[in-house]
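Undergrad: Using only what follows, build the 3D model:
(one chain, ligands or ions: 1)
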Amino acid sequence: MGKSDQYFPNAELWDPHRWESMADPKDGEREKMDYGYGLLSTGADSTYLPFGAGRHRCIGEQFAYLQLSIVLIVMVREFRLRNEDAWNLISEDYWRNRLAGFSSFQISHDNYRDAGS
Ligand code: HEM
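TA: Got it, this is the predicted structure:
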């Protein structure tokens, strides 16, 4: 379903902006179910199901998001990232980056601690 154009236009295209215009299921009335340990959102009212839906829906979703946030925070805090060969290809304009092709970027890094800053 996650790769179906019926639910996600241009499903095969990596397009982070798609989420800007899609309604957040959390905004609407979500399907709730009590499996015996309290009323829970099943996630079954959404076509976006990275953590599954229903009774066996992932219990680690919030923990996974926390871990991913920490990884990103540590990388930004510890490293100065730069594009080795084609610095001027990196643009804040997402579409220019898309046209340039992310695969042409070679990112290298300095560790702030090694630099003594
Ligand atoms: C990006 C990270 C993760 C993704 C994409 C993910 C995805 C999923 C999905 C799709 C299911 C449902 C499987 C099914 O319906 O049969 C699931 C179940 C489960 N996940 Fe995750 N998961 C992630 C991280 C975690 C973490 C960090 C934990 C625990 C610390 C965890 C614990 C579980 C458990 C215990 C189940 C089984 C729940 C049940 O059967 O009642 N997951 N996960």
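
Undergrad: any idea how far Ala11 is from the residue of the chain found nearest the ligand?
TA: Distances between the chain and the ligand by C-beta to the nearest ligand atom are smallest at Gly60, namely 2.1 Å. All C-beta atoms are positioned from the backbone trio N, CA, C, and that covers glycine. Using C-beta to C-beta, to the nearest Å, we find Gly60 at a distance of 25 Å from Ala11.

Undergrad: Not counting stretch 34-42 itself, show me its contacts.
TA: Arg30, Glu31, Lys32, Met33, Ala53, Gly54, Arg55, Arg57 (C-beta atoms under 8 Å, 6 or more residues apart in numbering).

Undergrad: neighbours around the second one, how many?
TA: I take that to be Glu31. Glu31 has 15 neighbouring residues, counting by other C-beta atoms under 10 Å.

Undergrad: So the closest residue to it other than its chain neighbours: helix, strand or coil?
TA: Beyond its immediate neighbours in the sequence, the residue positioned closest to Glu31 (C-beta to C-beta, 6 or more residues apart in numbering) is Asp45, lying 4.5 Å away. With DSSP: H, G, I helix; E, B strand; the rest coil as the basis, Asp45 sits in coil.

Undergrad: Right, I'll call it a day here.
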